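*Asks:* fold the following.
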Amino acid sequence: MSATVSAIGEKIISAHASPFPLALALGGIYPDSLAGSNLRYYRRIESPPRPIMFKYDSQMLLPSAEDLPDSDDTPVDNQLQHLIPGLLEAVLAMAWSDRTDWFFGANMGIYYDPKQPAIVPDGFLSLGVERIIDKDLRLSYVLWEEKTVPILVLEVVSQTRRGEHTTKKEKYAEMGVLYYAVYSPRRRRKPPLEVSRLVDGCYVLQQGSPVWMPEIGLGIGREQGTYQGITREWLYWYDERGQRLLTPEERARQAEQRAHRLADELRRRGIDPDSLL
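*Replies:* Residues are numbered from 1 along each chain as shown. Model (predicted):
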């Protein structure tokens, strides 16, 4: 397979047969899930032949996240473009509350070439990075600072096409993003959610609903639900058994229902629940 070479300081891109190109070169790590357990460990992927590599010249004065625009200033033209990533992030924050080695960005610029503007997906997930870097949080996601490529990128298609199936898709493949999810809620003849995995430098559509992503330890899928009082089809995370992870609102309702059941049981036994407070 022919190689493509371009200069970004010392940036080298070559076509290869690995699903983890840029992540390898930047020292990225992806997780494995321990079967039947909530515990997860991380393994470093061994470099396969001819991976895509981005080498940033240490002698160059590269801009920091503070020096770069935090987005492309293109407004979202559909509420779902911020509600869906917000829901996915909120569920992760509850499910992974004891973890600090992940980051979910929503409508945030990803910089991978100092000479190019940021590419801005609707949502993306990175593993093996600090979730909170300081009190001001991230302004953007800069690869020469993070040294880890997002493992999943999400695009929510609106009425205005933004290259989700063309230019953006090509950029994500070049970066080495392992999973690329495109949600087209207006679709009727094809599945609204398509999840592809990077294989030999090209995205291959994955089967199943939800689609299980072992490197993340989660699946992603769609189903009817209610979020922020809006009942419609939403995207959700799923565990290895295909069970949907609960939203913060659903967790709060469950906790309230348990409290009511406990109070009723105490009253049945002649105990005033308020007396225990």
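*Asks:* residues in contact with Lys171?
*Replies:* Each residue near Lys171 by CB atoms under 8 Å, 6 or more residues apart in numbering is listed here: Ile119. For the C-beta atoms, the positions are set from N, CA and C on the backbone; glycine is no exception.
*Asks:* check which element follows the strand or helix carrying it along the chain.
*Replies:* When elements are assigned from DSSP states H and E, Lys171 belongs to helix 167-175. Sequence order places strand 179-183 as the next helix or strand after helix 167-175, per DSSP H and E.
*Asks:* please enumerate residues in contact with the helix or strand following that following strand?
*Replies:* Later in the chain than strand 179-183, the nearest helix or strand by DSSP H and E is strand 193-199. Residues outside strand 193-199 that contact it (CB under 8 Å, 6+ apart) are 19, 21, 173, 176-184, 203-206, 209, 211, 213, 220-222, 235.
*Asks:* from the residues you listed, list just the buried residues.
*Replies:* In the contacts of strand 193-199, burial by neighbour count holds for 19, 21, 173, 176-184, 203, 206, 211, 213, 220-222, 235, counting by 16 or more other CB atoms under 10 Å.
*Asks:* ok, Gln79 to Arg222 distance?
*Replies:* Separation of Gln79 from Arg222 (CB to CB, to the nearest Å): 17 Å.
*Asks:* what are the buried residues along the longest helix seen in the chain?
*Replies:* Taking DSSP state H as the criterion, the chain has its longest helix at helix 248-268. For helix 248-268, the neighbour count (16+ other CB under 10 Å) marks Glu250 as buried.
*Asks:* next: stretch 126-140.
*Replies:* The neighbour-count check on stretch 126-140 (16+ other CB under 10 Å) flags Ser126, Leu127, Gly128, Val129, Arg131, Arg138, Leu139, Ser140 as buried.
*Asks:* hang on, the second one packs against Ile216?
*Replies:* Yes. Proximity of Leu127 to Ile216 meets the contact threshold set by CB atoms under 8 Å, at 7.0 Å.
*Asks:* surely Phe104 is in a strand?
*Replies:* Yes. Phe104 forms part of a strand when assessed by DSSP: H, G, I helix; E, B strand; the rest coil.
*Asks:* mind listing what the closest residue in space to it that isn't next to it in sequence touches?
*Replies:* Using CB to CB, 6 or more residues apart in numbering and skipping the chain neighbours, the partner closest in space to Phe104 is Glu89 (4.3 Å). Residues near Glu89 by CB under 8 Å, 6+ apart: Phe104, Ala106, Gly123.
*Asks:* quick one: least confident of those?
*Replies:* pLDDT across those is lowest for Ala106, at 94.
*Asks:* tell me which helix or strand the residue lying closest to that residue once chain neighbours are set aside sits in.
*Replies:* Once flanking residues are discounted, Ala106 sits nearest to Pro85: 3.8 Å by CB to CB, 6+ apart. Taking DSSP H and E as the criterion, the element that holds Pro85 is helix 80-95.
*Asks:* and Trp234, which of the three is it?
*Replies:* strand.
*Asks:* so what sits opposite it in the bridge?
*Replies:* Bridge pairing for Trp234 (DSSP bridges) gives the partners Glu223.
*Asks:* and it, what does it touch?
*Replies:* Trp234 is in contact with Ile84, Leu87, Arg222, Glu223, Gln224, Gly225, Tyr227, counting by CB under 8 Å, 6+ apart.
*Asks:* switch to 10 Å and redo it
*Replies:* Applying CB atoms under 10 Å, 6 or more residues apart in numbering, one finds that Trp234 lies in contact with 80, 83-84, 87-88, 91, 183, 185, 221-227, 244, 247.
*Asks:* got it, and Pro150?
*Replies:* Going by CB under 10 Å, 6+ apart, Pro150 touches 22-23, 28, 103-105, 110, 121, 123-127, 129, 141, 143, 172, 175-179.
*Asks:* again, only using 6 Å
*Replies:* Phe124, Ser126, Val177 (CB atoms under 6 Å, 6 or more residues apart in numbering).
*Asks:* in stretch 147-155, what counts as buried?
*Replies:* Under the neighbour-count criterion of 16+ other CB under 10 Å, stretch 147-155 has Lys147, Thr148, Val149, Pro150, Ile151, Leu152, Val153, Leu154, Glu155 buried.
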